[in-house]
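Student: What follows is a predicted structure for the sequence shown.
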Amino acid sequence: SAVISQKPSRDICQRGTSLTIQCQVDSQVTMMFWYRQQPGQSLTLIATANQGSEATYESGFVIDKFPISRPNLTFSTLTVSNMSPEDSSIYLCSVAHSAAEKLFFGSGTQLSVL
Amino acid sequence: GENVEQHPSTLSVQEGDSAVIKCTYSDSASNYFPWYKQELGKGPQLIIDIRSNVGEKKDQRIAVTLNKTAKHFSLHITETQPEDSAVYFCAATGTSGTYKYIFGTGTRLKVLA
């Protein structure tokens, strides 16, 4: 497994502002992903964070709204831009090693937008 | 499109009883099926997984069974304890790549002491 540190763990933000969430892994991993979990819902993949290149976004998610960086194999950030109350969710960083398909999650960022 | 259905959405059992959660997937090419436990305020934790070449896997009080023909897989928890109370998610790999998972809608398990 991997130790995944995600911060902040929670935040309350005003409408129209942006929040950047950080994800740090204790070892190099091939794959890093960002998921959204709306209240009481399942997990939805936002994008795959690619090292040194633009992230790969899933249908319904765009770079202008959720810019992602991944400067190296252990770190990634997700920004939630121009927030609205509909963005209130848990945002989760997840990683997978190249040698296996096991997917591990960070502890999540609970975001509330007023 | 690819889909994973999960039942029941909520489940209450008495401490010591067994709990069973079932999932059905649509993509016959799926070959990896993990189960996650999510406690309040925490991220999902991988608790057990199974690959398509195996019909059953057990780890102490939890077990997973897979029926590839019927595209069903199930999580079995025996001798349930209050600390088993959590939301459980099943998942299946999608056709677009090994790392793309389709998650079920979750089951809220409550173990009554």
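Tutor: Nice, I can see it.
Student: all strands for the chain, in order.
Tutor: Went with chain A since none was named. A:4-7, A:10-13, A:19-25, A:31-37, A:44-49, A:56-57, A:68-72, A:75-80, A:89-96, A:103-105, A:109-113 (DSSP state E).
Student: The chain in question should be chain B.
Tutor: Going by DSSP E, chain B shows strands at B:4-7, B:10-14, B:19-25, B:32-38, B:45-51, B:56-59, B:62-67, B:72-77, B:86-94, B:97-103, B:107-112.
Student: Turn those strands into a markdown table, columns for distance to A:Ser59 and mean neighbour count.
Tutor: All C-beta atoms are positioned from the backbone trio N, CA, C, and that covers glycine. Below are these laid out as a markdown table (distance: least, CB to CB, whole Å; neighbours: other CB atoms under 10 Å in any protein chain shown):
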| stretch | distance to A:Ser59 | mean neighbour count |
| --- | --- | --- |
| strand B:4-7 | 17 | 18 |
| strand B:10-14 | 29 | 13 |
| strand B:19-25 | 19 | 21 |
| strand B:32-38 | 22 | 23 |
| strand B:45-51 | 26 | 17 |
| strand B:56-59 | 33 | 12 |
| strand B:62-67 | 28 | 18 |
| strand B:72-77 | 26 | 22 |
| strand B:86-94 | 13 | 24 |
| strand B:97-103 | 12 | 18 |
| strand B:107-112 | 26 | 17 |
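Student: These: lowest mean pLDDT?
Tutor: When these are compared on average pLDDT, strand B:97-103 comes out lowest at a mean of 76.
Student: can you list the residues of chain A near chain B?
Tutor: By CB under 8 Å from any CB of the partner chain, the residues of chain A that approach chain B are A:1, A:4, A:6, A:31, A:33, A:41-45, A:48, A:92, A:96, A:101-108, A:110.
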